[in-house]
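Trainee: return atomic coordinates for the entry below.
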Amino acid sequence: AGRWGGQGRDALGVDGEVEADQLRAVLEGRHPVSGVVLGRAFGEASARGFDATFSAPKSVSVLWALTPDRWVRAEVLAAHDTAVDAALGWFERQGGVTRRGTDGIHQVDTQGVTVAVFRQHTSRTVDPQLHTHAVIAAKVQDPTGRWLSLDARFLKYQQRTIGWIYDAALRSELTHRLGLSWEPLPDRLGQSDLSCIPEAVRGVFSQRAAQVAAKRDELIQRWMLDHDRLEPDPKTIARLERAAVFASRPGKTHGIPATELHAEWQTQAASIGFPTRTLDTHHLHTPSPAIEVDERAVVAEALRLVSGESATWLPPDLARHITTLLPPQAAHTATELVAVVDRITAMALERCVELHPTLTGALRRDGRPVAEHVTDRHLTTREVLAQEQRLQDWARTHAHGPPTDIEDPQTEAARAIAGTSTLVVVVGPAGTGKTHTTARAIQDLHAQGRTVVGLAPSGKAADVPPHEAGCPTDSLAGFLTRHH
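Mentor: Residues are numbered from 1 along each chain as shown. This next block holds a predicted model:
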């Protein structure tokens, strides 16, 4: 059975176990007790809610599945539930906002979100897989009590950060409850697995992961063929991974008694000689000493990591990296861990430069003006700005703009392209003759006996060159690969 969570549930009069009629009413935009429509009625295309899924690392699921100790099993479940609540609470405080005013220009606080939380225990291939579906209702109240829609952009754009908050909180909970130790996964930034569950054992219970990985690799290879063997960036890989999950998803299996599942899992573990008796309290509990975190060093490393990803970032991006830098012993509970992340993030923000204009007017709880959306507070550092300034200084010294008294811009642009300058940039909106100008320049270059190659940003773009160009075309990535 599900359970209700979120600060917004109080206004709806729901708590404890989720009842089907209650959830149906909330997702239809009605009060689950009075039946009154909450604000404006949903349209056919309205988003009724959002499913945020929190999945435990495979080693945590395997520990829960194989331990012969009921107390250990209960502690694993409690740690997972607590970490989910901590991550949802962090989202609620950081991004649980709504929009108000003409065109939703003002982003204001809410009185919290309402969440129906459902914990599940197996994957679609019936492997042990602790995960929770948190169904976040789209209806929220602003500070005046008016029912509006959740502005879900933070939820969408900060999925990784919310997930990593959960992961870090879970590590702290299990380390404190059971004295467990962790091993970072070298190929999965921000991810760790329990030291007590060997990789071979995790592999036995990862059939679904293997399915997704195989489909993901297939989709990546197909994408690379379409883009001249160009390596996909992290965002493209994430998109392909999501596609792989859906494309490889088998049907669900229902009705297998829990006792049969656990017996089958014990048999699978025995088949590879893994002694499940080592997963009881006596063998697991090895308390580790408290660790004093060098918070300044964490700030410095988080800034290095985030600036390595992009020239600008948002505060949650800093928080995401901080979660990977904190040892599990940095806090005893999930709530304390999130507080540490927030405190160190605030320290890191003091070393950043804000890149947006100063706005005035009413403020949200976070101290920011309502006219500044929580997904718009872009930051950088003085070091990044200094790099940009050096590039601009170099450009001013080495680059020259076109003369201002040009009578025939197309002729002058064609002459410049066919000239001897190291770099010529031609800029113009659609319909201004750029293709025709380039073709004239290519004819002139051919007349001079010079070789011309047309490069496009992708393989598909290279397949549709201007017919009048009269030169071979290639993608930039393909050209560099073939002429390395």
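Trainee: so where is this structure shaky, pLDDT-wise?
Mentor: Across the chain, residues meeting the criterion (pLDDT under 70) sit at 208-209, 211, 228-229, 248-254, 287-288, 458-470.
Trainee: quick one, what contacts the spatially most central residue of it?
Mentor: In the chain, the residue lying closest to the centroid (C-alpha atoms, centre = their mean) is Arg160, at 2.9 Å. For Arg160, the contacting residues are 190, 320, by C-beta atoms under 8 Å, 6 or more residues apart in numbering. The C-beta positions use only the backbone N, C-alpha and C, and glycine is treated the same way.
Trainee: next one: it from Thr323, what distance?
Mentor: 10 Å (C-beta to C-beta, to the nearest Å).
Trainee: which neighbours do these two have in common?
Mentor: Gly190.
Trainee: contacts for stretch 419-432 next, please.
Mentor: With contacts defined as C-beta under 8 Å, 6+ apart, stretch 419-432 is touched by 399, 413, 416-417, 434, 437-438.
Trainee: can you show me the strands along the stretch 101-250 of the chain?
Mentor: Using DSSP state E, counting those that start in this stretch, the strands of the stretch 101-250 of the chain run over 106-109, 115-122, 128-137, 139-141, 147-149, 182-184, 192-194.
Trainee: what pairs with the last one, parallel or antiparallel?
Mentor: Same thing as strand 192-194. Here strand 192-194 is paired, per DSSP bridges, with strand 182-184 (antiparallel).
Trainee: tell me the buried residues in the partner strand?
Mentor: If you call a residue buried by 16 or more other C-beta atoms under 10 Å, then strand 182-184 has these buried ones: Trp182.
Trainee: and it, how far from the chain's centre?
Mentor: Relative to its chain's centre, strand 182-184 lies at 21 Å (C-alpha atoms, centre = their mean, to the nearest Å).
Trainee: ok, longest helix in the chain?
Mentor: Looking across the chain with DSSP state H, the single longest helix is helix 70-95.
Trainee: list the buried residues for that one?
Mentor: 72-73, 75-76, 79-92, 94-95.
Trainee: give the next helix or strand downstream of that helix.
Mentor: Next helix or strand after helix 70-95 toward the C-terminus (DSSP states H and E): strand 97-100.
Trainee: show residues contacting that following strand.
Mentor: Under the contact criterion C-beta under 8 Å, 6+ apart, strand 97-100 has outside partners 105-110, 140, 142, 148-151, 154, 364, 370, 374.
Trainee: buried members of these into PyMOL, please.
Mentor: Applied in PyMOL, the following selects the buried portion of these according to 16+ other C-beta under 10 Å:
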select buried, resi 106+107+108+109+110+140+142+148+149+150+151+154+364+370+374
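Trainee: just the strands in the stretch 351-484 of the chain please.
Mentor: For the stretch 351-484 of the chain, the strands defined by DSSP E, counting those that start in this stretch cover 353-354, 379-380, 454-456, 473-475.
Trainee: neighbours of Ala41, just the number please.
Mentor: When neighbours are defined as other C-beta atoms under 10 Å, Ala41 has 10 of them.
Trainee: residues in contact with it?
Mentor: Gly29.
Trainee: from Ile344, how far off is Arg171?
Mentor: 16 Å.
Trainee: which one's more surrounded, these two?
Mentor: For Arg171 versus Ile344, neighbours defined as other C-beta under 10 Å are more numerous around Arg171 (28 against 23).
Trainee: so what's the more buried one closest to, chain neighbours aside?
Mentor: Closest residue to Arg171 apart from its sequence neighbours, by C-beta to C-beta, 6 or more residues apart in numbering: Pro328 at 4.1 Å.
Trainee: do Ala213 as well
Mentor: The nearest residue in space to Ala213 (C-beta to C-beta, 6+ apart) is Ala244, at 7.8 Å.
Trainee: rewinding a little: and the strands of the stretch 101-250 of the chain: which comes nearest Ile256?
Mentor: Ile256 lies closest to strand 115-122 among these, at 8.2 Å (C-beta to C-beta).
Trainee: off-centre distance for the closest one?
Mentor: That offset, for strand 115-122, works out to 21 Å (C-alpha atoms, centre = their mean).
Trainee: give me the buried positions along that strand.
Mentor: Residues of strand 115-122 classed as buried: 115-119, 121-122 (neighbour count, 16+ other C-beta under 10 Å).
Trainee: got the angle between the longest helix of the chain and strand 128-137?
Mentor: 30 degrees (axes from the mean of the first three to the mean of the last three C-alpha atoms, to 10 degrees).
Trainee: which helices and strands does helix 70-95 pack with?
Mentor: Identification of packing neighbours for helix 70-95 by 3 or more C-beta pairs under 8 Å, 6 or more residues apart in numbering; DSSP states H and E yields strand 49-55, helix 58-66, strand 115-122, strand 128-137, helix 153-157, helix 159-178, helix 281-284, helix 334-349.
Trainee: quick one, what contacts Thr276?
Mentor: Contacts of Thr276 by C-beta under 8 Å, 6+ apart are 66-68, 266, 269-270.
Trainee: so what's the residue count around the nearest residue to Lys58 once chain neighbours are set aside?
Mentor: Sequence neighbours aside, Arg202 is the residue nearest to Lys58 in space, at 4.7 Å (criterion: C-beta to C-beta, 6+ apart). Neighbourhood size, Arg202 [other C-beta under 10 Å]: 17.
Trainee: sorry, back to before: now the contacts of Thr276 as TSV including neighbour count?
Mentor: Output for the contacts of Thr276, formatted as TSV (neighbours: other C-beta atoms under 10 Å):
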residue	neighbour count
Leu66	25
Thr67	24
Pro68	13
Gln266	15
Ala269	19
Ala270	12
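Trainee: Gln207 and Asp127 touch, don't they?
Mentor: Yes: under the criterion of C-beta atoms under 8 Å, Gln207 makes contact with Asp127 at 5.5 Å.
Trainee: who's more crowded, the two?
Mentor: Using other C-beta under 10 Å, the more surrounded residue of Gln207 and Asp127 is Asp127, with 21 against 15.
Trainee: ok, now how distant is the more buried one from Glu264?
Mentor: Taken as C-beta to C-beta, the span from Asp127 to Glu264 is 10 Å.
Trainee: before we move on, what about Ile417?
Mentor: 70 Å.
Trainee: got it, and Ala45?
Mentor: Applying C-beta to C-beta, the value for Ala45 to Glu264 is 44 Å.
Trainee: between these two, which one's more packed in?
Mentor: Taking neighbours as other C-beta under 10 Å, Ala45 and Glu264 compare with Glu264 leading, 13 against 5.
Trainee: give me the element the more buried one is part of.
Mentor: Using DSSP H and E, Glu264 falls in helix 258-271.
Trainee: and that helix, C-alpha only, in PDB?
Mentor: Provided in PDB are the C-alpha atoms of helix 258-271 (Å, rounded to 0.1, in the frame of the first residue of the first chain):
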ATOM      1  CA  ALA A 258       7.300 -13.200  -1.200                       C
ATOM      2  CA  THR A 259       8.500 -16.400   0.400                       C
ATOM      3  CA  GLU A 260       8.900 -18.000  -3.000                       C
ATOM      4  CA  LEU A 261      10.800 -15.000  -4.300                       C
ATOM      5  CA  HIS A 262      13.200 -15.000  -1.300                       C
ATOM      6  CA  ALA A 263      13.700 -18.700  -1.600                       C
ATOM      7  CA  GLU A 264      14.600 -18.400  -5.300                       C
ATOM      8  CA  TRP A 265      17.000 -15.600  -4.600                       C
ATOM      9  CA  GLN A 266      18.700 -17.700  -1.900                       C
ATOM     10  CA  THR A 267      19.100 -20.500  -4.500                       C
ATOM     11  CA  GLN A 268      20.600 -18.100  -7.000                       C
ATOM     12  CA  ALA A 269      23.100 -16.900  -4.400                       C
ATOM     13  CA  ALA A 270      24.000 -20.400  -3.400                       C
ATOM     14  CA  SER A 271      24.600 -21.400  -7.100                       C
END
